[in-house]
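> Give me a model of this one.
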Amino acid sequence: MSKLEHLKTAILADGRIDSKEVEQLREVLFADGVIDRDEAEFLFSLSDGCPDGNDASWPTFFADAIIRHVMDDAGSPQLVDADEAAWLREKIMGDGKVCDAERQLMRQLKAVAKNLPADLLAFINAHS
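Coordinates of the predicted model:
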C-alpha cells in the first residue's frame with residue numbers, strides 16, 4: 001500500500017482530518033513541489049470523506065494544494081482554463097454538497113486567479 005493510500009485509510013477511519021494528518025499530507029504531497037492530478041483527486045476524496053469537524057488547518061491546506069495543481073500546470077500557467085474549470089466544478093460537486101474546504105478553495109481561487117472562465121466564476125459566486 002502506498003504512503004498516500006495508508007494515510008487515506010487512517011484519515012477516513014475516523015472521518016476527521018486532524019492537524020497531525022494535515023502535516024503528514026503536507027510532507028508527502030509537497031515533497032516534490034508539484035501537486036499532480038492523482039494527488040489532487042486524492043485530496044478531493046478526503047474532502048468528500050471528511051466534510052465536517054476537521055482541524056482548522058485543513059481548508060487552507062486543501063485550497064493551497066488544489067490551487068497549486070490548477071495554477072502551476074504547464075498547459076495554462078497562472079490561468080484556469082476551460083478543462084480545469086470543468087474538472088473543478090465536477091470535483092467540488094462530486095458528493096452533491098460543498099464543504100468548508102471546498103468553499104475555502106473557491107474563495108482563494110477567485111482571489112488569486114488572473115482569469116476565471118465565466119461559468120466557473122458563476123459557480124463560485126453561487127456556492128461560496
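> quick check: mean pLDDT across the helix or strand where residue 125 lies?
Assigning secondary structure by DSSP states H and E places residue 125 in helix 118-127. If you average the pLDDT over helix 118-127, you get 96.
> now stretch 49-57
Here the average pLDDT along stretch 49-57 is 94.
> Tell me the buried residues in the helix holding residue 125?
By neighbour count on 16 or more other CB atoms under 10 Å, the buried set for helix 118-127 is 120-121, 123-124. (Glycine included, C-beta is placed from N, CA and C.)
> which of these lies closest to residue 64?
Of all the buried residues of helix 118-127, residue 64 sits closest to residue 124, with 16.7 Å by CB to CB.
> what about the spatially closest residue to that closest one that is not a sequence neighbour, neighbour count?
Spatially, and ignoring its direct neighbours in sequence, residue 124 is nearest to residue 106 (4.4 Å; CB to CB, 6 or more residues apart in numbering). For residue 106, the neighbour count with other CB atoms under 10 Å is 22.
> ok, back up a step: report the distance from the helix holding residue 125 to the chain centre.
Offset of helix 118-127 from its chain centre (CA atoms, centre = their mean, to the nearest Å): 17 Å.
> Pull the residues that contact it.
If you take CB atoms under 8 Å, 6 or more residues apart in numbering as the criterion, helix 118-127 is touched by 80, 85, 88-89, 92, 98, 102-103, 106-107, 109-110, 116.
> Stretch 63-82 too?
So stretch 63-82 is in contact with 29-30, 34-37, 39-40, 43-44, 84, 88, 101, 104-105, 107-109, 112-117, 120, going by CB under 8 Å, 6+ apart.
> Mind checking which of the residues you listed are buried?
Buried subset of these (neighbour count, 16+ other CB under 10 Å): 29, 35, 39-40, 43-44, 84, 88, 101, 104-105, 108-109, 113, 116-117, 120.
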